[in-house]
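Novice: Provide a 3D model corresponding to the input given below.
(one chain, ligands or ions: 1)
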Amino acid sequence: MKEIKSIGVLTSGGDAPGMNACIRSVTRAAIYQGWKVYGVYRGYEGLINDDVKEMTTESVSNTIQRGGTILKTARSEEFRTFEGRQKAYATMKKHEMDALIVIGGNGSLAGAQELAKECDIPVIGLPGTIDNDLYGTDATIGYDTALNTIMECVDKIRDTATSHDRIFFVEVMGRDAGFLAQNSAIAAGAEAAIIPEDNTDIDQLATFIGRGIRKSKNSSIVIVSEKDGGAMHYAERVRTEYPEYDVRVSILGHLQRGGTPTAKDRILASRLGVASIEALKEGQRNIMVGISNDDIVYVPISRAVKWDKPIDKELINVLSILSI
Ligand code: F6P
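Specialist: This is a model prediction of the structure:
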């Protein structure tokens, strides 16, 4: 196996708080090994267009506390094509990059896998997304910060909901996954969460209303995952099916992706970054580095992106018991 002397690092897909802490960690851990590090700008777009810059330890100074990503990010359409990936590989060859570290979510890691397969280069994926939807890791970089942001927002919404005796449907991100919705509902003491994973044959709204909404309370907050019409859909249903209730909607949107990362996210990002360099040193390739029971784990990228990460049913139970 070719000895690694130089790597590229990029962030791709939706940004997530803690990505900078991860770029910092990858950069410094690689330099510590005596390797060269290239920062690739705007995800795969930067590889396609040769938008890369050599990183130094100073390039990542004063970044651990910053949200967003200093390398910028993008969702590259061109990289989805074979030709696009060949252009990306040409840039890697031009700069003699021996491996690529991709910090991103599902789609970004799936892209990394394609590149690795077609061009026979070592790729390491690091889970960076607020959605927490990658199989094989207990947490993804950015998830804890987003969860805390949602919790703070819902605490504020509760003040006005209580004053007006209203039901609020608060829509949160997560794409196809309900981790943000379910856990923010528990953390903020919401009355219910409507999540895709629990949306099989039961009508979650009817269950919630049937439980005796506002029996002993003067307001209700329901956290709704963005999928399938989100909060608007459920608010409309209440307006037509249960007109006795005063309903409002709050869509939290992209504010969930911003802000300074929590300690938990900074530590996770720092650990995963160092572990990605260790993994390359060990000769690992085409894996995602994750965390399981507080230990670093290696998961084949194919599994991380394809397998569904289940929501612990216990969390659903906890919320339903505590919202009586
Ligand atoms: O994957 C992260 C995420 O924030 C999802 O939760 C959301 O569905 C999506 O990205 C939004 O993407 P965009 O920033 O392109 O609107």
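Novice: thought residue 127 was touching residue 271?
Specialist: No - look at residue 127 against residue 271 with CB atoms under 8 Å: they stay out of range, at 11.9 Å. Backbone N, C-alpha and C define where each C-beta goes, glycine included.
Novice: more neighbours: which of those two?
Specialist: Neighbours per residue, other CB atoms under 10 Å: of residue 127 and residue 271, the larger number sits with residue 127, 34 against 17.
Novice: against the ligand, how distant is residue 162?
Specialist: Distance, residue 162 to the ligand, by CB to the nearest ligand atom, to the nearest Å: 28 Å.
Novice: grab the nearest non-local neighbour of that residue.
Specialist: The shortest distance from residue 162 to any non-neighbouring residue, by CB to CB, 6 or more residues apart in numbering, is to residue 219 (4.4 Å).
Novice: now do the contacts for that neighbour.
Specialist: Counting by CB atoms under 8 Å, 6 or more residues apart in numbering, residue 219 touches 158, 161, 162, 164, 165, 166, 167, 168.
Novice: now, of those, which are buried?
Specialist: Among those, those classed as buried by 16 or more other CB atoms under 10 Å are 158, 161, 166, 167, 168.
Novice: now do the same end-to-end measure for stretch 72-86.
Specialist: 22 Å (CA to CA, to the nearest Å).
Novice: mind checking pLDDT for residue 200?
Specialist: Note on residue 200: pLDDT of 59.
Novice: cool, and residue 206?
Specialist: 80.
Novice: distance of it from the ligand?
Specialist: Distance check for residue 206 against the ligand: by CB to the nearest ligand atom, it reads 26 Å.
Novice: check contacts around that residue.
Specialist: Here residue 206 is in contact with no residue (CB under 8 Å, 6+ apart).
Novice: next one: residue 27
Specialist: Residues in contact with residue 27 (CB under 8 Å, 6+ apart) are 9, 37, 39, 55, 57, 59, 60, 273.
Novice: put the buried members of the residues you listed into a PyMOL selection.
Specialist: Buried subset of these, written as a PyMOL selection, criterion 16+ other CB under 10 Å:
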select buried, resi 9+37+39+55+59+60+273
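Novice: of the contacts of residue 27, which belong to strands?
Specialist: When these are checked against strands (DSSP state E), the matches are 9, 37, 39.
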